[in-house]
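J.: the following block contains a protein sequence and its predicted model.
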Amino acid sequence: MKDKMPKGAKIILEKLNSYNHEAYLVGGCVRDFLMGEIPKDWDITTSASPKEVKELFSEYKLFEFGIKHGTISIIIEGNSYEVTTYREDGEYLDSRRPETINFTKSLSQDLKRRDFTINAMAMNSKGDVVDLYNGEKDLNSKFIRCVGNPKERIGEDALRILRALRFAARMGFQIEQNTSDAINSEKNLLLKISLERINDEFDKILHGEYATNILREYRDVIAVFIPEIKELFDFEQCNPYHIYDVYEHTLKAVEEIENCDNNRLMAFLHDIAKPRCFIIKDGWGHFYHHESKGAELAKIILNRLRYDNKTIDDIAFVIKTHGTVFNPDIKYARHKLNQMGEKRLRMLMALEKADVKAQNPQIIMERLDNIKKFESCVDTVIEEKHCFSVKDLNIDGNDLIELGYTRGPFVGKALNDLLIEVMNEDIINDKKILIKRAIEKLNILKKREG
């Protein structure tokens, strides 16, 4: 394992050791290392004080943003390594951060304060592992277990609730029973956590390969910060298109949608308003206008969770538009691209496919085939560089002004009219032809005014 350590980590560990300081890789990098993954971050814990670390590595670029907590970042060959002095945490009063920290010379005290056994292992420069809490055993058994008393660990920092769910969602691990019980019993402590931090962890949960398992098993935990989902739980849809209740249908859609960008977040919220729109008509359940009401509700949720405006606007737009029955036709594809733009249209197609796949499998094939045919039309329009926006026209506003058009909204309207004719294949996107057509339209306009 020593041979797989990055050069910078070896330099730091060996230099600290050479000056009679203990030093170890610690936490997530050791966990990932033992799993055969390449760690994203390299954290080092040491008996050396921050002052001693600064003096020993003064020839390197240093950042001291975390120095009050004993952390100094050392830059070696463009890579950053966080070196933190062994410490004990004082009392936690806000369920997030200790009121005080005390530096110590004891590795065991430092490891004792960490969240989960799989994150409480240390590795020396030779690749030997110090494992005081059977973290490697839990790693091999695929268990997430708190160090020590789970209620105490979670009471110290409630964000550990979502960190546990995130690790389980990413790695497919099972949360050990006592830890799981503590997560459920202490879930309301999440109300003390900043919504920005919840946003960050929730996003990582959603992107995990095993996200739907966690969203299902710990739905009451998620409902602490998205209480609107409680209405979806066990809500039967009462029509032959659906064999799942609304929440289970939602999870199936999350599972089916392509796991990129904000697709899973969009899928998680796409039917958020269904229970509020439910009526029984002719013996079937219907959810009239759940798309538009869902878009409004999604905006409220995403704003509350501090998502950026672009994400909120994109997701709300697609949720409002979902349920579209596509026409697998090139002209129609051009018009949809013009109306929505490629990004949003691809988001909508991804959601429609996932939504259909999450319905009754006995009656989805025709609808799914239709979406795929439309998607092929969109691909053709993009690949063949069809004209579907004003910027694609081989004529612009300056050309129209030279022809005699008055500056202002008339120019924009004229360009849009020309675009529609091109998209409908009434004329081709050739500059001479467009100019001729623009002159014709201008003459018609002058006759009407005269």
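T.: Noted; the coordinates are in hand. Numbers count the residues shown, from 1 in each chain.
J.: now do the helix or strand in which residue 62 is found: distance to the chain's middle.
T.: Assigned by DSSP states H and E, residue 62 belongs to strand 61-63. Distance of strand 61-63 from the chain centroid (C-alpha atoms, centre = their mean, to the nearest Å) equals 31 Å.
J.: against which helices or strands is the helix or strand just after that strand packed?
T.: Counting by DSSP H and E, the next helix or strand C-terminal to strand 61-63 is strand 71-76. Judged by 3 or more C-beta pairs under 8 Å, 6 or more residues apart in numbering; DSSP states H and E, strand 71-76 is in contact with helix 7-18, helix 50-56, strand 61-63, strand 79-85. In this view, the C-beta of every residue, glycine as well, is placed from N, C-alpha and C.
J.: list of residues touching the longest one?
T.: Same thing as helix 7-18. Helix 7-18 is contacted from outside by 2, 5, 22-25, 42, 44, 46, 48, 53, 56-57, 74, 76-77, 79, 81, 83, 124-125, using C-beta atoms under 8 Å, 6 or more residues apart in numbering.
J.: the very next helix or strand once past it: partners in the sheet, and parallel or antiparallel?
T.: From helix 7-18 onward toward the C-terminus, using DSSP H and E, the following helix or strand is strand 23-26. Applying DSSP bridges, strand 23-26 is found paired with strand 42-46 (antiparallel), strand 121-123 (antiparallel).
J.: so which of the ones you listed comes closest to residue 300?
T.: Closest to residue 300 of the strands paired with strand 23-26, according to C-beta to C-beta: strand 42-46, at 37.9 Å.
J.: give the rounded mean pLDDT of the closest one.
T.: Averaging pLDDT along strand 42-46 yields 96.
J.: quick one: that strand to strand 71-76, angle?
T.: Orientation check (axes from the mean of the first three to the mean of the last three C-alpha atoms, to 10 degrees): strand 42-46 against strand 71-76 gives 120 degrees.
J.: give me the residue at the spatial middle of the chain.
T.: Centroid check for the chain by C-alpha atoms, centre = their mean gives residue 203 as the closest residue, at 3.7 Å.
J.: identify the residues contacting it.
T.: Contacts for residue 203 (C-beta under 8 Å, 6+ apart) come out as residue 265.
J.: helix or strand for it, which one?
T.: Using DSSP H and E, residue 203 falls in helix 195-207.
J.: how far is that helix from where the chain is centred?
T.: The answer for helix 195-207 is 7 Å, by C-alpha atoms, centre = their mean.
J.: got the CA coordinates for it in CSV?
T.: What follows is helix 195-207, C-alpha atoms only, in CSV (Å, rounded to 0.1, in the frame of the first residue of the first chain):
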residue,chain,number,x,y,z
LEU,A,195,-29.9,24.2,4.8
GLU,A,196,-26.8,24.7,2.7
ARG,A,197,-25.1,21.7,4.4
ILE,A,198,-28.3,19.7,4.0
ASN,A,199,-28.4,20.6,0.4
ASP,A,200,-24.9,19.4,-0.2
GLU,A,201,-25.4,16.0,1.6
PHE,A,202,-28.8,15.4,0.0
ASP,A,203,-27.3,16.0,-3.5
LYS,A,204,-24.7,13.4,-2.7
ILE,A,205,-27.3,10.9,-1.4
LEU,A,206,-29.3,11.3,-4.6
HIS,A,207,-26.3,10.7,-6.8
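J.: flag every buried residue along it.
T.: Buried residues in helix 195-207, counting neighbours by 16 or more other C-beta atoms under 10 Å, are found at 198, 199, 201, 202, 204, 205, 206, 207.
J.: ok, now how distant is the last one from residue 236?
T.: When C-beta to C-beta, to the nearest Å is the yardstick, residue 207 and residue 236 sit 30 Å from each other.
J.: just the buried members of the contacts of helix 7-18?
T.: Applying 16+ other C-beta under 10 Å to the contacts of helix 7-18 flags 5, 22-25, 42, 44, 46, 48, 53, 56-57, 74, 76, 81, 83, 124-125 as buried.
J.: number of nearby residues for the residue lying closest to residue 142 once chain neighbours are set aside?
T.: Sequence neighbours aside, residue 173 is the residue nearest to residue 142 in space, at 4.5 Å (criterion: C-beta to C-beta, 6 or more residues apart in numbering). Using other C-beta atoms under 10 Å, the number of residues around residue 173 comes to 20.
J.: isn't residue 173 up against residue 145?
T.: No: contact between residue 173 and residue 145 fails when scored by C-beta atoms under 8 Å: they sit 9.6 Å apart.
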